[in-house]
Structure formats: structure tokens, C-alpha cells
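1. Model the following, please.
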Amino acid sequence: MTVSPAGTLEGTATLPQSARLLMTTDGTLGPLVEAMVGEPITVAHCRQVPEPAERSVARELDVDPDDALLSRCVDLVGRHTKTLYIKAHSFWVPHRLPSPVRRRLTDTMDPIGAVLRDFRTETFRELLSWRWCDLPEDFPCRNLCQRTYRIVMSGSPAFLITERFTHACVGVTPPFWGHPK
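-> Next up, the predicted model:
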């Protein structure tokens, strides 16, 4: 596994250009991925539950440990092919969101970026890290890249998001996707 500081290309020399783009972008991911894979993406599975903040999550979101957060896990797939492109896990601080945004996120499976865009919510995305992952044999994709970032609203972190991109998203199939040293 390789972990690199956010926003840098350190360690990405063996990754295809598409993976470097995904790891370092600080914009809404949906339109970028749709352009890369050639089809609209949609949420296939969404699990959202209240969860106390673990110490590392609390630190990144600037909340007290054990504060109640919402944990959201989604699979983003191609609308037509049902191909898995991204697995995402986010923690979010409900009281830091405008009520219409909060309601839509709790009442629908809509992607976070799409909801923020639809409500024209001003945000700043702070990339924290990216890494290469090797996964168990039974996972739908053995090799992928992962990035973690937070979304800041009105000066406070509101979301902590980790996205895992499958080789179908990046556009190459291992073993041609080199493993960073």
C-alpha cells in the first residue's frame, strides 16, 4: 500500500492518467466519472445510520469523540451496465448542513455531490490522502485506488469521505495497472 499527501502526484508514476486525475481532483466526482466511463452513474446501494464519531473521524470533522454523526455507505454503478465504479463511505455532521440539504440526504439515495450542486451549496474540498489498495479475493475488484477528503462548509468540516475506485472506473484491468512502490 502507498499513502501520499493529498493533492500531490508523489508515488503516482505507475498509475494511469485517469487514476492520477481521480486521486487529485477537488471537484464533484460524478460528472468526471460519467465522462470517463461513458455512461451515467447512479447509487445502487445506500446504507445510512447514526454512528458515534471514532477518535480519528472526530479529529478530521472537528467534533467531540462520540458525537453523533451519520455514516453513509454507497455503491456507485453505471446506470445501464450496472458496473461497480466506486464504493464510498462518508461521515457527516447533520447540524452543519442547511436543512434542505440535510433532508434530501436523509430522505434519498442521491449522491452527496449532486445534492450539494443542486442546492448550489458553497463548499471547499480538502484532499487528505490517496492510496493503492490490494483487496481480498472475494471483492468484486482486487486492485483499486482510494482517496479520502473532507468537505468544508461555512468554515467547518461537514463531511469526511473515502472513495474507492475500481479498475472499471479507471479504465484498465490489472495487472496492467502497476503497483506503486
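2. so where is the chain shaky, pLDDT-wise?
-> 1-15, 26-27, 133-143, 171-181 (pLDDT under 70).
3. and the most centrally placed residue in the chain, what element?
-> In the chain, the C-alpha nearest the mean C-alpha coordinate belongs to residue 163, at 2.9 Å (Cα atoms, centre = their mean). If you go by DSSP states H and E, residue 163 is part of strand 156-165.
4. again with residue 85
-> strand 84-92.
5. strands paired with that strand, and their directions?
-> Using DSSP bridges, the strands paired with strand 84-92 are strand 68-78 (antiparallel), strand 156-165 (antiparallel).
6. Buried ones in the longest one, by neighbour count?
-> Burial within strand 68-78, assessed by neighbour count using 16 or more other Cβ atoms under 10 Å, is assigned to 69, 70, 71, 72, 74, 75, 76, 77, 78. Where you see a C-beta, it was placed from the backbone N, CA and C, and this is true even at glycine.
7. In contact with the first one, which residues?
-> Going back to what we said before, that points to residue 69. If you count contacts by Cβ atoms under 8 Å, 6 or more residues apart in numbering, residue 69 has them with 50, 51, 52, 53, 57, 61, 63, 91, 92, 93, 94.
8. Okay, it and residue 55: tell me how far apart.
-> 13 Å (Cβ to Cβ, to the nearest Å).
9. With residue 24 instead?
-> 27 Å.
10. can you check residue 36 too?
-> In this view, residue 36 and residue 55 are 35 Å apart by Cβ to Cβ.
11. With neighbour numbers in mind, choose between those two.
-> residue 36 (17 against 8; other Cβ atoms under 10 Å).
12. Counting by contacts, list what the host helix or strand of the more buried one packs against.
-> Assigned by DSSP H and E, residue 36 belongs to helix 29-37. Helices and strands touching helix 29-37, as assessed by 3 or more Cβ pairs under 8 Å, 6 or more residues apart in numbering; DSSP states H and E, comprise helix 17-24, strand 41-52, strand 68-78, strand 84-92, helix 112-118, helix 167-170.
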